[in-house]
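In: Quick one, what's the 3D model for this:
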Amino acid sequence: MPSSFALIKELFVRLYSEYGPQHWWPAKTRFEVCVGAILTQNTSWKNVEKAILNLKSKRLLDRESMLNADLSLIQEAIRPAGFYRQKAERLELFCERVDLNALSRMSLRSAREHLLSIKGIGRETADSILLYALNKPIFVIDAYTKRIYSRLIGIGIEDIGDYDDLRQLFENALGKSASRYNEMHALLVQHAKLYCKKSSPLCSSSCPVSHMCAFAQKTNFESA
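Out: As a prediction, the model looks like this:
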């Protein structure tokens, strides 16, 4: 079997060839990226889109407006995203603690440490903000990435290791490039939605990476 580095490199080439550029993150401002990253915790992006539209309609989708707004107004706007009381508090705390201009001037390490010091901001959320809002070269590991990678090499998700270990593996394989990390993460999301689904994955020959995926090869062999 090829090394993990070689697999990840080939995976990027295959997915990019199949789906093309993804133009992520779907947001018009850096602040909107941050809000989306916080709201998408434990919910679908469709629900986040509804919440963001509500924030826009109430003119709350900027730091100053959110800081000056009553918490109940924010809660009502983001209700579609679920856990709206908790997430409203996290948004308020984020606005109090983070100036994006100042954060962008920090080193990657310092900016990440600052974000992780904020209650409710975990590694995936912090890295999404760093990559998509600030264009800092850090790869985002999410459930889609874990699922695809674990199936690719034929092990359980619980066996792929720590978040940062997997992040560094992808970064080393792809080279230090924010644009490449952006594209790869978006391509993995697209592939997971179309083929590598959580249940009933589509492992037929039409899957663009079935030939290099241990899970697909086993599945296709057993169904033959």
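In: Quick one: the helices in the chain, in order.
Out: Counting by DSSP state H, the segments of the chain that form helices are 4-19, 30-39, 45-57, 63-68, 71-77, 84-97, 100-105, 108-116, 123-128, 143-153, 163-174, 178-194, 214-223.
In: Just name the most buried of those helices.
Out: Mean neighbours per residue, mean count of other C-beta atoms under 10 Å, is largest over those for helix 30-39, with a mean of 23. Any C-beta I mention is one placed from the backbone N, CA and C, and that applies to glycine too.
In: Mind giving me the packing neighbours of it?
Out: On a contact count with 3 or more C-beta pairs under 8 Å, 6 or more residues apart in numbering; DSSP states H and E, helix 30-39 meets helix 45-57, helix 84-97, helix 100-105, helix 123-128.
In: Could you check those helices and tell me which one is nearest A6?
Out: For the helices and strands packed on helix 30-39, proximity to A6 was assessed by C-beta to C-beta; helix 123-128 is nearest, at 24.1 Å.
In: before we move on, the earlier item: reformat the helices and strands packed on helix 30-39 as a markdown table; add distance to S205 and mean pLDDT.
Out: Formatted as a markdown table, these follow (distance: least, C-beta to C-beta, whole Å; pLDDT from 0 to 100):
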| stretch | distance to S205 | mean pLDDT |
| --- | --- | --- |
| helix 45-57 | 29 | 97 |
| helix 84-97 | 42 | 97 |
| helix 100-105 | 45 | 97 |
| helix 123-128 | 32 | 98 |
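In: okay if I get those as CSV plus distance to E183?
Out: Converted to CSV, those look like this (distance: least, C-beta to C-beta, whole Å):
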stretch, distance to E183
helix 45-57, 18
helix 84-97, 26
helix 100-105, 21
helix 123-128, 14
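In: Save the helices of the chain as TSV, and put in distance to C207 too.
Out: Supplementary listing: the helices of the chain in TSV, determined by distance: least, C-beta to C-beta, whole Å:
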stretch	distance to C207
helix 4-19	9
helix 30-39	29
helix 45-57	22
helix 63-68	42
helix 71-77	39
helix 84-97	35
helix 100-105	39
helix 108-116	34
helix 123-128	25
helix 143-153	11
helix 163-174	20
helix 178-194	8
helix 214-223	6
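In: Going by mean pLDDT, which of the ones you listed comes out lowest?
Out: Mean pLDDT is lowest for helix 214-223 among the helices of the chain, at a mean of 80.
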